[in-house]
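Enquirer: sequence below, structure please.
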Amino acid sequence: MPPRKLVVGSGQKTHPLVWCAAIICVFIALAVIITGVCVFVGYLVIHPRVPALTVTDAHLDRLDFSQAGVMDVQLTIFIRAENHNAKAHASFSHTSLILGFHDINIAELVAYPFDVSKNKSIDFNYVVQSSSIPLQPRDSDYLDRSLKEDKVRFDLKGSSRTQWRVGVLGSVKAWCHLNCELKFHPSNSSYIYSYCSSKSK
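Expert: Residues are numbered from 1 along each chain as shown. Here you go, the predicted structure:
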């Protein structure tokens with residue numbers, strides 16, 4: 001009996017739609033890679049920096065403390081809005097800072113939306129005046145110790161929303177947060193300087 005011949009048939013042809021889908025996927029992958037390279041190169045060239053808020057100086061204008069546990073205080077606080085981007089102006093909005101003493105909110109410092117030009121800064125000076133602040137016994141004891149030690153501390157916390165354009169990356173938005181301890185010598189009203197900024201140290 002003669003051996004059977006093995007006939008190898010031709011396989012099924014790939015459907016044109018499959019080839020089209022494969023080509024489209026290749027183009028999408030290339031587009032993603034090229035976009036990533038462009039963004040990375042753009043970041044290295046432009047080197048964007050987040051705008052920041054910085055406390056540059058402060059002054060304790062007045063601090064009175066009565067035996068009845070009532071505090072009167074007035075401070076002047078100097079805050080600088082900084083934009084270190086060389087190729088884009090920055091805008092600040094929703095700026096709100098709370099000045100407090102020993103977990104007591106004294107005043108809210110706000111600012112209308114404003115712009116800062118490229119590589120520029122704008123200075124703000126806030127005069128905070130608050131009178132007849134009743135203190136609880138623990139707060140009175142804390143202030144009394146602070147006055148005896150000639151070192152009193154206030155807290156300044158808050159944030160501002162910033163927006164700036166970064167070349168091909170488009171518009172970038174970020175929040176800058178400020179958390180400062182403002183210390184003074186009550187004997188001469190001087191500010192004990194301590195660097196405080198929303199930008200990374």
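
Enquirer: so what's residue 187 closest to, chain neighbours aside?
Expert: Leaving aside its chain neighbours, residue 187 sits nearest to residue 150 (5.0 Å; criterion: CB to CB, 6 or more residues apart in numbering). C-beta coordinates here come from the backbone N, C-alpha and C atoms, glycine included.

Enquirer: do I have it right that that neighbour meets residue 186?
Expert: Yes. Using CB atoms under 8 Å, residue 150 is in contact with residue 186, at 6.1 Å.

Enquirer: residues near the residue nearest to residue 187, how many?
Expert: A count of nearby residues for residue 150, using other CB atoms under 10 Å, gives 11.

Enquirer: got phi/psi on it?
Expert: When quoted as degrees, to the nearest 10, the phi and psi of residue 150 stand at phi 60, psi 40.

Enquirer: what's the nearest residue to the residue nearest to the spatial centre of the chain if we skip its chain neighbours?
Expert: When CA atoms, centre = their mean is applied to the chain, the residue found nearest the centroid is residue 176 (1.1 Å). Computed as CB to CB, 6+ apart, the closest residue to residue 176 that is not its neighbour in sequence is residue 198, at 3.7 Å.

Enquirer: phi, psi for that neighbour please.
Expert: In terms of degrees, to the nearest 10, the main-chain angles of residue 198 are phi -80, psi -20.

Enquirer: cool, and residue 157?
Expert: According to degrees, to the nearest 10, residue 157 has phi -130, psi 140.
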